[in-house]
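Trainee: everything below, folded, please.
(one chain, ligands or ions: 1)
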Amino acid sequence: MSLAAVLHLILHILVPGLVARIFFLPDWRRAWTIMLITMLVDADHLLASPIYDPDRCSIGFHPLHTLPAIAVYAYLAVLPRTRLIGLGLMLHMVLDFSDCAVQRGFADALSRLLGTG
Ligand SMILES: [Zn+2]
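Mentor: Presented below is the predicted three-dimensional model:
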């Protein structure tokens with residue numbers, strides 16, 4: 001596993017923790033745990049072959065990383081009862097998008113997200 005891949009995984013853990021620590025006091029550990037559980041969204045990688053490809057952009061490729069799914073996550077993020085689930089999923093998508101943008105450039109990542117690439 002490359003250093004970039006390890007850094008990406010670490011950010012998937014640290015960024016929700018940072019958001020939880022800043023915005024969800026005093027119960028930030030619960031918020032962080034719920035957002036970490038949303039990493040299960042990567043289960044859609046099991047549908048791909050190979051399951052893990054460090055050069056593949058998840059956004060727009062895996063079914064739970066497409067624009068319609070992300071629209072659902074945004075909706076979940078605004079509802080009080082599902083806010084942490086939606087927020088965790090949105091943070092995940094932002095991190096995956098940023099990974100794509102670093103790998104391939106912002107325009108390519110955006111065209112993948114929009115399905116025009
Ligand atoms: Zn992902």
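Trainee: tell me the secondary structure at the residue of the chain most remote from its centre.
Mentor: The C-alpha centroid of the chain is most remote from residue 26, which lies 24.5 Å away (CA atoms, centre = their mean). Applying DSSP: H, G, I helix; E, B strand; the rest coil to residue 26 yields a three-state assignment of coil.
Trainee: quick check: residue 82 vs the ion, distance?
Mentor: Look at residue 82 and the ion: by CB to the ion, to the nearest Å, they are 19 Å apart. C-betas here are computed from N, CA, C, even on glycine.
Trainee: wait, that residue touches residue 73, no?
Mentor: No: taking contacts as CB atoms under 8 Å, residue 82 lies outside contact range of residue 73: 9.5 Å.
Trainee: which one of the two has more residues nearby?
Mentor: Legend: neighbour count by other CB atoms under 10 Å for residue 82 and residue 73, higher for residue 73 (21 against 15).
Trainee: put the alpha carbons of the helix or strand containing that one into CSV.
Mentor: Using DSSP states H and E, residue 73 sits in helix 67-78. The C-alpha atoms that make up helix 67-78 are tabulated as CSV, following Å, rounded to 0.1, in the frame of the first residue of the first chain:
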residue,chain,number,x,y,z
LEU,A,67,-24.1,11.7,-7.7
PRO,A,68,-27.6,10.2,-6.9
ALA,A,69,-26.2,8.5,-3.8
ILE,A,70,-24.4,11.6,-2.8
ALA,A,71,-27.7,13.6,-3.1
VAL,A,72,-29.3,11.1,-0.7
TYR,A,73,-26.3,11.6,1.7
ALA,A,74,-26.8,15.4,1.6
TYR,A,75,-30.5,14.9,2.3
LEU,A,76,-29.7,12.7,5.3
ALA,A,77,-27.2,15.3,6.5
VAL,A,78,-30.0,18.0,6.9
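Trainee: quick one: is it near the ion?
Mentor: No: Helix 67-78 does not reach the ion (CB under 5 Å from the ion); its nearest approach is 10.8 Å.
Trainee: report the buried residues of that helix.
Mentor: Buried positions in helix 67-78, judged by neighbour count with 16 or more other CB atoms under 10 Å: 69, 70, 73, 76, 77.
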